[in-house]
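Visitor: What shape does this take:
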Amino acid sequence: MLLLKAVHLGALICWTGVLLYLPALLHGLAGRDGALLHLRFARLVFVAGATPAALLAIMSGTALFVADTIVAPWLVLKLCLVAGVVLCHLVSGLMILRAEQVSPPTGRYASTLGVLTGLLVGATFWLALAKPV
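Guide: Presented below is the predicted three-dimensional model:
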């Protein structure tokens, strides 16, 4: 059980760290010409870093949920926040695809995604650590 919690925490740290880094990387591409190398790096970070960490975090979190058989209102709220983080993950991937096909996103969209991701991640960690009654 302790190993499973360690894997879950490590995967969460990696996943959320990359999710907070990607909007900053995309914001740096805003208004740049010839940013193909940076876009390839962003895609690599997303595909090789964020996605495997997200899958590992979700699988290990599900295993913890099943092993502990926790059923509490705070957990439902936490899972809703995690769903929001997953949506931010998907939007990050879509922004990278759009940047490769059309043009880099404006800085405003990348900044908004970064702030929203940060708020959701912070709320999720607070809720998981506080575990209100």
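
Visitor: ok, then the element right after the helix or strand of the chain with the lowest mean pLDDT?
Guide: Sorted by mean pLDDT, DSSP states H and E, the helices and strands of the chain end with helix 36-44, the least confident at a mean of 83. The helix or strand immediately downstream of helix 36-44 is helix 51-68, counting by DSSP states H and E.

Visitor: so what secondary structure elements neighbour that next one?
Guide: The helices and strands touching helix 51-68, judged by 3 or more C-beta pairs under 8 Å, 6 or more residues apart in numbering; DSSP states H and E, are helix 2-29, helix 73-101. Yep, even glycine has a C-beta here, placed from its N, CA and C like the rest.

Visitor: so can I have JSON lines of these showing distance to residue 126?
Guide: Below are these laid out as JSON lines (distance: least, C-beta to C-beta, whole Å):
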{"stretch": "helix 2-29", "distance to residue 126": "13"}
{"stretch": "helix 73-101", "distance to residue 126": "9"}
